[in-house]
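S.K.: need coordinates for the below:
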Amino acid sequence: MSEKELGEMIIKCPACGIEGVAKSIMKELEIPHFGKVLETTLLCPSCGFRHSDVIALEQNDPAKYVLEINKNNLSIRVVRSQSATVIIPEVGVKVEPGPKSEGYVTNVEGMLTRFEDAVIKALNLFDDEESQANAKKTLAEIQELKKGNGTATLIILDPFGQSNIVSEKVEILEIPEEELSELKTGFSNLDN
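M.R.: Okay, here's the model as predicted:
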């Protein structure tokens, strides 16, 4: 991974408001399987505030990545950009990007763990029996996949083509125009 520091500034902390103590650092990085990104970090030694963000600097053709999840490929590397939608249709789970969506690198098991954590949080929000039962069923299916029992399909839809599943077993497809127009990107558009 190559790295080039672009700049460093001392600024007013957005959390505590103290002038001239927070450090803002920007770096351009080349990340394998992801491309060039801008990493920004804000640190305040006064109050301990810390914020980091990674912004992709390259845009590729839209792509759909499809991989069968099974016991033999739980360790396959997965790169999910901040603009990608992740779906496991057999389990009925889908995560779409939002304004605070972040990219990350994990593996198939890590993706399942992220879904598992989300379903556990959702279980605490549901009051009615039907929703509780559906969430418990979904959770059990995810946990079985993590144990290597059964198969399902991992689909990543990325309108900017910045995601990846690093495997010879992945199928990379074009996203049909009608499907592409329906995808969320996590970015807000302002119209006059």
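
S.K.: what are the contacting residues of the helix or strand hosting residue 10?
M.R.: Residue 10 is part of strand 2-11 when elements are defined by DSSP states H and E. Under the criterion Cβ atoms under 8 Å, 6 or more residues apart in numbering, residues 20-30, 38, 42 lie in contact with strand 2-11. Every C-beta, even on glycine, is put in place using the N, C-alpha and C of the backbone.

S.K.: each with direction, which strands does it pair with?
M.R.: Strand pairing for strand 2-11, determined by DSSP bridges: strand 22-31 (antiparallel).

S.K.: returning to that earlier point: buried residues, the strand holding residue 10. List them.
M.R.: Judged by neighbour count using 16 or more other Cβ atoms under 10 Å, strand 2-11 contains no buried positions.

S.K.: what are the C-alpha coordinates of it, in PDB please?
M.R.: Once non-C-alpha atoms are left out, strand 2-11 reads as follows in PDB (Å, rounded to 0.1, in the frame of the first residue of the first chain):
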ATOM      1  CA  SER A   2       1.600   3.300  -1.100                       C
ATOM      2  CA  GLU A   3       0.900   6.500   0.900                       C
ATOM      3  CA  LYS A   4       1.400  10.200   0.100                       C
ATOM      4  CA  GLU A   5       0.600  12.800   2.800                       C
ATOM      5  CA  LEU A   6      -1.200  15.800   1.200                       C
ATOM      6  CA  GLY A   7      -1.400  18.100   4.100                       C
ATOM      7  CA  GLU A   8      -1.800  18.800   7.700                       C
ATOM      8  CA  MET A   9      -3.600  21.700   9.400                       C
ATOM      9  CA  ILE A  10      -4.300  22.900  12.900                       C
ATOM     10  CA  ILE A  11      -8.000  23.900  13.200                       C
END
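
S.K.: if you average pLDDT over it, what comes out?
M.R.: Per-residue pLDDT values across strand 2-11 average out to 80.

S.K.: got the CA positions of stretch 161-173 in CSV?
M.R.: Coordinates of each C-alpha in stretch 161-173 appear next as CSV, following Å, rounded to 0.1, in the frame of the first residue of the first chain:
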residue,chain,number,x,y,z
GLY,A,161,-17.5,-0.3,-9.4
GLN,A,162,-15.2,0.2,-6.4
SER,A,163,-16.1,-2.9,-4.5
ASN,A,164,-14.7,-6.4,-5.1
ILE,A,165,-14.8,-10.0,-4.0
VAL,A,166,-11.3,-11.2,-4.4
SER,A,167,-11.8,-14.8,-5.7
GLU,A,168,-11.7,-16.7,-9.0
LYS,A,169,-15.1,-18.0,-7.9
VAL,A,170,-16.8,-14.6,-8.1
GLU,A,171,-19.0,-13.8,-11.0
ILE,A,172,-18.7,-10.2,-12.1
LEU,A,173,-21.6,-8.9,-14.2
